[in-house]
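Novice: Got a predicted structure plus its sequence, pasted below:
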Amino acid sequence: MRRMAMLILGGAVAAAGVGCGSGNSIDSGFYTNKHGENSAMEEKVITVDSTERLKENQQLGLTGEATIMGKKPGTLLRVIVHDVFETAFTDGRTTPPGSRVMAVEIQVVNAGTRVFNDTPASGATVIDAKGKAYKSEPSTVTVDGGEVFPNPFGLQPRDQRTALVPFVVPAGANIKQVGFRIDKGGESGLWRVP
């Protein structure tokens, strides 16, 4: 059931930085925006200065990294969407008729200076080929294929965690994008699903 994420090389990686302002620097072919929160965590990662810039440029493909800044000072996450696959509830919950359960595997690295207390599930969406967005299921569910992000999360600076965010979507929905927003008023990223 699970399909492996397609590694996007070269073009999509470079495209994430095309059109960047003069405040960006190039380091070994990777773009960095130097948010100034934790320089050690910002080296050699693709970063996004703003939601508007990401929308202007090509979306990141699965396995593409984006460093996303939150509204509160010191909130900075490096986010990698690894995979999107069909799964099933394992907690006795029933999938609604005409629906299916999807899971998004996300890696989150706290590149900021403050503890990240929100759960990644609260800022994640999947978007189908028709442009309809679907919100994630609560963090209390369990699904086949891995651990679901807990709530509260409590990720310390420099710590990282990889877990799943589950979604219930119509059976015929063709998931084409994964969206992630760090918090209300913070930056967001958008990933292509092959």
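Specialist: Structure received. Numbering: from 1, shown residues only.

Novice: Just list the residues touching N174, thanks.
Specialist: Residues in contact with N174 (C-beta atoms under 8 Å, 6 or more residues apart in numbering) are D128, A129. From N, CA and C alone the C-beta is placed, and that goes for glycine too.

Novice: Relative to V108, how far out is it?
Specialist: Between N174 and V108 the distance is 26 Å, computed by C-beta to C-beta, to the nearest Å.

Novice: remind me which residues of the protein are low pLDDT?
Specialist: For the chain, applying pLDDT under 70 flags the ranges 1-58.

Novice: For the protein, which segments count as strands?
Specialist: With DSSP state E as the criterion, the chain has strands at 25-27, 30-32, 60-61, 65-69, 76-87, 99-110, 124-128, 133-135, 160-170, 175-181, 188-192.

Novice: Now tabulate those strands in a markdown table and tack on mean neighbour count and distance to N117.
Specialist: Formatted as a markdown table, these follow (neighbours: other C-beta atoms under 10 Å; distance: least, C-beta to C-beta, whole Å):
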| stretch | mean neighbour count | distance to N117 |
| --- | --- | --- |
| strand 25-27 | 11 | 31 |
| strand 30-32 | 19 | 26 |
| strand 60-61 | 23 | 25 |
| strand 65-69 | 24 | 16 |
| strand 76-87 | 22 | 12 |
| strand 99-110 | 21 | 11 |
| strand 124-128 | 20 | 16 |
| strand 133-135 | 13 | 20 |
| strand 160-170 | 20 | 13 |
| strand 175-181 | 20 | 15 |
| strand 188-192 | 22 | 18 |
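
Novice: Which among those is found nearest to D144?
Specialist: Among those, strand 76-87 comes nearest to D144, with 4.9 Å by C-beta to C-beta.

Novice: what about stretch 111-123, distance to the chain center?
Specialist: Centroid displacement of stretch 111-123 relative to its chain, using C-alpha atoms, centre = their mean, to the nearest Å, is 12 Å.
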